[in-house]
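**Q** I need the structure of the sequence given here:
(2 chains)
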Amino acid sequence: MTSNRSPRFPALNVSQTQQLLSGVSDLPLSLAASRRIRAAVLKKAAPKALARNRIRKTLLPIAACLIAVVMFFVAFPKAALAVSEFIGRIFTPSRYMNQDPADRTPVPSIDEAIAAAAPQDGDFTITLMSELPNNQEYIDFRAQNGHDSFAEENWDWLRDIRPEIAEVLYDGNQLIWNTNLYTTNEHVREFMEGFGIHSGSKLSVDALLDSATYTVAGDPMVYPLINSGGGITPIQDESSLSTADHVVLYSDFVIDPATPLPNGVITITQNIRVCENDAMDYGATVAIITHTFTFDTTKGNSQSADGAETLIPLSGEYYLTITHYGEGDESSTKETKKVSLDGIKLKANYEYLPTGIKVSITLEEAPADWTSDMISSLLEVTWRDIYDNFTKDGIANDLYIDDAFVSEAPTPDHFGLDELAYFLPVFPDQYDSNPSVVMKLYLAYIETYNGTDLLNGELYTLSSGEVKTQTNFVPLVEIPVPLPKN
Amino acid sequence: MDAVTELLRRDPERALNQMLSAYTGLVYHAAAAVLGRSSHEEIEECVSDAFLVVYNGRERLDFSQGSVKAYLCATARNLAINRLNKRASAKEVLLDELALSSEETESAAIRNLEAEALVNAILALGEPDCKIILYRYYFNLPSKQIAKLLGLKQNTIDQRMRRALAKLNRLSKGGNLYDK
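**A** Numbering: from 1, shown residues only, chains lettered A, B, ... in the order given. You can find the predicted model right below:
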């Protein structure tokens, strides 16, 4: 019998819920709803944005130390390579867009994609904090966080800022734009205070994208964009800083490749929060800049070539570190044991983008006795640290072009469960010369975990606290990457 | 402590991704059971808020009381109940909505039992009846979907559900949970 009226459980506390749900795994949900929820949560939590901005701001003060480290490691080629990757040798579109165009090593296909976006500025407004309709929130925030009262005379100059869209890069997977904020050199220096460059001013200013939406002509809907990172780009050398008349605000966004932006010209409205002190570290909002611009998505929505897929059969016996995820009150454990990979088939999916080749590796087939824990453990991502060591288990991927080691393949800014995804810095203008592009996958496994000898059959029960591992790794498989024929 | 809960302390960003991959469906259905399945936007807001509450509260939540999964479902349900209460105060209940069907008469047992006793009683039903009751009344899934999830026929689900409810009903009236 069906009824619209839902019988209800009484309110349950957490431990009662825990008892009731032990042994219940996830329930099915439509992909669209899952994606909407994921996007909404990540937007609000914005952990990557926080990390990225902090990394950028931390980079400058430690740059001098790194130079010394580089000088030391040049005698040890592999370690030197690792260091150079750490400070920026690995190519990613976000790094490209973070560089001053004059300093970039040009990538023609990316430059074409940037040109094709053809952004055009629209209107802008600048509203000081005292004029914002919800200004009481900001007044309270200042009081709660130990800021002096908002003094309009200190911030009146913000009314003269002029935002201009500088560059847009969109490839159907990634959306990045840079906005120039024009002001006087004195105020540019105040934007650099957060990077440890002292201006002598009493003000330290920052800016960060607060929200962004897009609209399409003829459609009344306003669509949100999900911001995944951003911040002001530092101007590091004094000669550039001495003549700088603007700062660059970098912003990037999550685009679900399954639902790319609509084709054609779209109108973006971005709200930029200007803050006193670090915008991501309790900075107090002093103004909101609302700026509109348009750009063309058409070229970004077309791949440089049709995609491709290959199957990768695995075989042989390998040590695999397996994380057994406990249900309910059960603890999770780690073990390392020798398993046969006979019957495992991976699938590699290739997308040919102006910004590089996106490779996504997933499981295609596994023998019936492979558990989901084993599959997830096999498809864990790992990477070398700057000392060329692995600290965790999983698969690492070295990229070789024409038999020369290029770098570890950079992973994109998302974690797919049971998916290995990489962006290879191989661009359409290189396809004609038909280089051999090979991904060499390595499988790293843990020998000892906090002193527990996993290699000799001991089981480690996961708990909080510091983790110290001793690892080893072996070559797993080589994947030749097919290139499109132009 | 399970792996995701452990990871939430050690590597929150990665844990958040794993939580979203592992529990979005479960949390969604926990909220949907309270709000009704037509309120997509409200349900999704409750689910998003539940993830944020647990993620942002990771330093102060006592995970010895329950795992991330339990916190997420309990939070989503509470948020949904709060919304329902707001909605109820703005809307009169129609008389015919109060007429209980036969299944609902029996399910009144679920409302009449104290939470702790109810949880124990449901767990004592054993498999698969425990899951059938949980899916039907906690997650409000239709019996067709429960049949699919448990690999049983829909008739079997309906039959077992009636018997399980009867057991719970006897208990709510002071009887013995177990059939002799």
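**Q** Can you name the helix or strand that B:Asp62 falls in?
**A** Per DSSP states H and E, B:Asp62 falls between elements, in no helix or strand.
**Q** Can you name the next helix or strand after the helix or strand bottoming out on mean pLDDT in chain B?
**A** Within chain B, judged by mean pLDDT, DSSP states H and E, the helix or strand with the poorest mean is helix B:102-112; its value is a mean of 46. Under the assignment DSSP H and E, the closest C-terminal helix or strand after helix B:102-112 is helix B:115-124.
**Q** Check which residues of that following helix are buried.
**A** B:Leu118, B:Val119, B:Asn120, B:Ala121, B:Ile122 (16 or more other C-beta atoms under 10 Å in any protein chain shown). C-beta coordinates here come from the backbone N, C-alpha and C atoms, glycine included.
**Q** And it, what does it pack against?
**A** Where contact means 3 or more C-beta pairs under 8 Å, 6 or more residues apart in numbering or on different chains; DSSP states H and E, helix B:115-124 is packed against helix A:14-21, helix B:129-133, helix B:154-172.
**Q** So which elements touch the next helix or strand after the shortest one?
**A** Next in sequence after helix B:129-133, counting helices and strands by DSSP H and E, comes helix B:143-150. Taking 3+ C-beta pairs under 8 Å, 6+ apart as the contact definition, the neighbouring helices and strands of helix B:143-150 are helix B:129-133, helix B:154-172.
**Q** Contacts for the host helix or strand of B:Leu8, please.
**A** Secondary structure assignment for B:Leu8, by DSSP H and E: helix B:3-10. Residues from elsewhere that reach helix B:3-10 (C-beta atoms under 8 Å, 6 or more residues apart in numbering or on different chains): A:323, A:325-326, A:332, A:462-464, A:467, B:14-16, B:18-19, B:22, B:54-55, B:58, B:63, B:67-69.
**Q** So which of these sit within helices?
**A** B:Arg14, B:Ala15, B:Leu16, B:Gln18, B:Met19, B:Ala22, B:Val54, B:Tyr55, B:Val68, B:Lys69 (DSSP state H).
**Q** of the residues you listed, list those near chain A.
**A** B:Arg14, B:Leu16, B:Gln18, B:Ala22, B:Tyr55, B:Lys69 (C-beta under 8 Å from any C-beta of the partner chain).
**Q** who's in contact with the residue lying closest to the fourth one once chain neighbours are set aside?
**A** What it means is B:Ala22. Residue nearest to B:Ala22 in three dimensions, not counting chain neighbours: A:Asp26, with 5.9 Å by C-beta to C-beta, 6 or more residues apart in numbering or on different chains. By C-beta under 8 Å, 6+ apart, the contact set of A:Asp26 is B:Ala22, B:Tyr23, B:Thr24, B:Gly25, B:Leu26.
**Q** Find me the pLDDT at residue 172, would you?
**A** In the absence of a named chain, chain A is used. pLDDT recorded at A:Gly172 is 85.
**Q** could you do chain B instead?
**A** 58.
**Q** B:Arg60 too?
**A** 78.
**Q** Repeat that for the one 5 residues further on.
**A** The predicted structure scores B:Gln65 at 78 on the pLDDT scale.
**Q** Check B:Glu13 too.
**A** 79.
**Q** And the one helix or strand A:Ala143 maps to, what does it pack against?
**A** Assigned by DSSP H and E, A:Ala143 falls within helix A:135-144. With contacts taken as 3+ C-beta pairs under 8 Å, 6+ apart, helix A:135-144 sits against strand A:284-296.
**Q** which element follows the strand it packs on toward the C-terminus?
**A** Next in line after strand A:284-296, if elements are assigned by DSSP H and E, sits strand A:305-313.
**Q** what residue ranges in chain B are flagged as low confidence?
**A** Residues of chain B meeting the criterion pLDDT under 70: B:1-3, B:37-38, B:87-114, B:170-180.
**Q** and it, what are its domains?
**A** B:3-89, B:100-172 (automatic domain parsing).
**Q** Could you identify which of those domains is most buried?
**A** Burial of the domains of chain B is given as mean neighbour count (mean count of other C-beta atoms under 10 Å in any protein chain shown); domain B:3-89 ranks first at a mean of 20.
**Q** Okay, helices next: where are they in the stretch 151-300 of chain A?
**A** In the stretch 151-300 of chain A, the helices defined using DSSP state H, counting those that start in this stretch lie at A:152-155, A:185-192, A:238-243.
**Q** Looking at the ones you listed, spot the one closest to A:Phe293.
**A** In terms of C-beta to C-beta, the element of these nearest to A:Phe293 is helix A:185-192, at 20.8 Å.
**Q** Could you give me the buried positions within the closest one?
**A** In helix A:185-192, the ones that count as buried by 16+ other C-beta under 10 Å are A:His187, A:Val188, A:Arg189, A:Glu190, A:Phe191, A:Met192.
**Q** Strands along the stretch 151-300 of chain A, start to end?
**A** Assigned by DSSP state E, counting those that start in this stretch, the strands in the stretch 151-300 of chain A fall at A:162-170, A:174-182, A:205-216, A:219-232, A:246-254, A:265-276, A:284-296.
**Q** In a markdown table: those, plus distance to chain B.
**A** Listed next are the strands of the stretch 151-300 of chain A as a markdown table, based on distance: least, C-beta to the nearest C-beta, whole Å:
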| stretch | distance to chain B |
| --- | --- |
| strand A:162-170 | 24 |
| strand A:174-182 | 18 |
| strand A:205-216 | 16 |
| strand A:219-232 | 12 |
| strand A:246-254 | 12 |
| strand A:265-276 | 20 |
| strand A:284-296 | 20 |
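**Q** Comparing these by mean pLDDT, which bottoms out?
**A** strand A:219-232 - the lowest mean pLDDT of those, at a mean of 84.
**Q** in which helix or strand would I find A:Ile37?
**A** helix A:31-45.
**Q** now for that helix, which elements pack on it?
**A** Right, helix A:31-45 is packed against strand A:219-232, strand A:246-254, helix B:12-35, helix B:40-56 by 3+ C-beta pairs under 8 Å, 6+ apart.
**Q** ok now it, how far from the chain's centre?
**A** On the basis of C-alpha atoms, centre = their mean, to the nearest Å, helix A:31-45 sits 16 Å off its chain's mean C-alpha point.
**Q** What residues of that helix count as buried?
**A** Buried-residue list, helix A:31-45, by 16+ other C-beta under 10 Å: A:Ala33, A:Ser34, A:Arg35, A:Arg36, A:Ile37, A:Arg38, A:Ala39, A:Ala40, A:Val41, A:Leu42, A:Lys43, A:Ala45.
**Q** Report the beta-bridge partners for the nearest residue to A:Asp123 once chain neighbours are set aside.
**A** Spatially, and ignoring its direct neighbours in sequence, A:Asp123 is nearest to A:Thr292 (5.5 Å; C-beta to C-beta, 6+ apart). Per DSSP bridges, the residues bridged to A:Thr292 are A:Thr269.
**Q** thought A:Thr292 was touching A:Thr269?
**A** Yes - contact criterion C-beta atoms under 8 Å: A:Thr292 and A:Thr269 qualify, at 4.9 Å.
**Q** At the geometric centre of chain B, which residue sits there?
**A** B:Tyr138 (2.8 Å; C-alpha atoms, centre = their mean).
**Q** my read: that one touches B:Ala33, true?
**A** Yes - between B:Tyr138 and B:Ala33 there is a contact at 6.2 Å, judged by C-beta under 8 Å.
**Q** Could you give the number of residues near A:Asn456?
**A** 9 (other C-beta atoms under 10 Å in any protein chain shown).
**Q** actually A:Ala244, sorry about that
**A** 17.
**Q** Looking at the nearest residue to it once chain neighbours are set aside now. What's its pLDDT?
**A** Distance criterion C-beta to C-beta, 6+ apart; nearest residue to A:Ala244, sequence neighbours excluded, is A:Val188 at 4.6 Å. pLDDT recorded at A:Val188 is 94.
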